[in-house]
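S.K.: no sequence on this one, just coordinates:
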C-alpha cells in the first residue's frame, strides 16, 4: 500500500508554462494556423506532460498484462479460457496483433503474468502471478482488497522499471478471456449505467448471449455492492488482475511525467480505476482509438477524453495504442523538424 500511496502523491499537474512555449511555436510554424488540427494540441499536451517544450517519444513500450477471470464460469465468453495461457507466450514470440504494430512503431512489448490460470513455461514472460485467476465475481468479490492493491503495485513496479531503462512513451495492453465482462462491470459501477447499456460481444460472443452477460454483471454488482467512490473497492469486487496492473501502469507513468497511451475498452476501464484513485492521472492519459466494443465510447466520455482515431478495432492487447504511437511521435517531429515563419525568413 505504501508504494501505491507514494505514487499517487507524486502525481503533479501539467506544466502550463512549457505548454505556452510549445503553443507559441506551434502557432508560428510554417503552416496556416490550426492546419494540423489535433496534432497541434497533442504536441502541446506532450510538452505539458514532460516539462519539455520539445518533447520526445522515441523510446516506446507496450506493457501487456495477462490474467484470467473466475466469471468465465458463467458462460460470458465464446472462447476457452486456456487461450489466455496459449496467447500470452505469443507476445514474447512477437507474433500477435500488437506485436506486429509494435514492430512497425519500433516499440518494445513487455509481457507480465499477473494471474493466468495455469503455470506458464514461457521464458520472457515476467512472472508476477498473484494467483491463478480471480474468483467468480457473480458469487463474491473477484479478489481481496490486498490483492487489488498488489495488482496496482505490480503495474507501478513494472512501469517504473521501464522508465528507468529510458522509456519515454508507454502503452497499455492486456490479455484475459472474459475481461470485457469485468470492464463492463467497472463501467457500470463508476458510470451508473445499467449493464445492458455497456456490454458488448468481446471476442465474438453471439448477440443472443448479451442479455445473459448483462444479467451476470447485474448479479455481480448486487452481490458485491462495490463502492463507486472507492476505486480499490471497485477493482477488488468486479475487476481483474490485469486491469489493476494497467491502472498501476497509468499511475506510475503519471508520477514520472511520461505520457501513457490508453488502448481500447479494457484499458479504458483500467483508466477509470486509475482516475478514481488519482484524478490528476487524467492529464497524463492519451486516448488512442474508438473501440468497436459497445461500452467503449461511454467509458471514454466518462473520462472526459476524445479518441484519436476510429478504425473499428476491438482486439485489445494494446494494438490500438501501438498504432497511436505513430501519431504521438509525429507530433514531436512536427515541433522539432518544422521551422517557424521567422526561422524561414517569412514576414506576413
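M.R.: Sure thing, it's come through. Owing to the predicted nature of the structure, the values given are computational and were not obtained by experimental measurement. Numbers count the residues shown, from 1 in each chain.
S.K.: give the buried residues for stretch 266-276.
M.R.: 266-276 (16 or more other C-beta atoms under 10 Å). To be clear about C-beta, it is placed using only N, CA and C from the backbone, and glycine gets the same treatment.
S.K.: likewise stretch 58-73?
M.R.: 59-72.
S.K.: now, which of those lie within strands?
M.R.: Mapping the buried residues of stretch 58-73 onto strands (DSSP state E) picks out 60-67.
S.K.: any chance of those residues in TSV, plus distance to residue 96 and pLDDT?
M.R.: Below are those laid out as TSV (distance: C-beta to C-beta, whole Å; pLDDT from 0 to 100):
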residue	distance to residue 96	pLDDT
60	17	98
61	15	98
62	10	98
63	14	98
64	9	98
65	14	98
66	11	98
67	16	98
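S.K.: circling back: now, which of the buried residues of stretch 266-276 sits nearest residue 85?
M.R.: Set against residue 85, the nearest of these by C-beta to C-beta is residue 266 (17.9 Å).
S.K.: wait, that closest one touches residue 174, no?
M.R.: Yes. Judged on C-beta atoms under 8 Å, residue 266 makes contact with residue 174 at a distance of 5.1 Å.
S.K.: hey, what's in contact with both of these two?
M.R.: 242-243, 246, 316 (C-beta atoms under 8 Å, 6 or more residues apart in numbering).
S.K.: using pLDDT, spot the least trustworthy of those residues.
M.R.: Minimum pLDDT for these is recorded at residue 316 (95).
S.K.: helix/strand/coil for that one?
M.R.: Classification of residue 316 using DSSP: H, G, I helix; E, B strand; the rest coil returns coil.
S.K.: so who does it touch?
M.R.: 173-175, 179, 263-267.
S.K.: same check on residue 64?
M.R.: With C-beta under 8 Å, 6+ apart, residue 64 has these contacts: 91, 98, 109-112, 173-175, 317-318.
S.K.: which of the shared contacts of residue 266 and residue 174 has the most neighbours?
M.R.: residue 243 (37 neighbours; other C-beta atoms under 10 Å).
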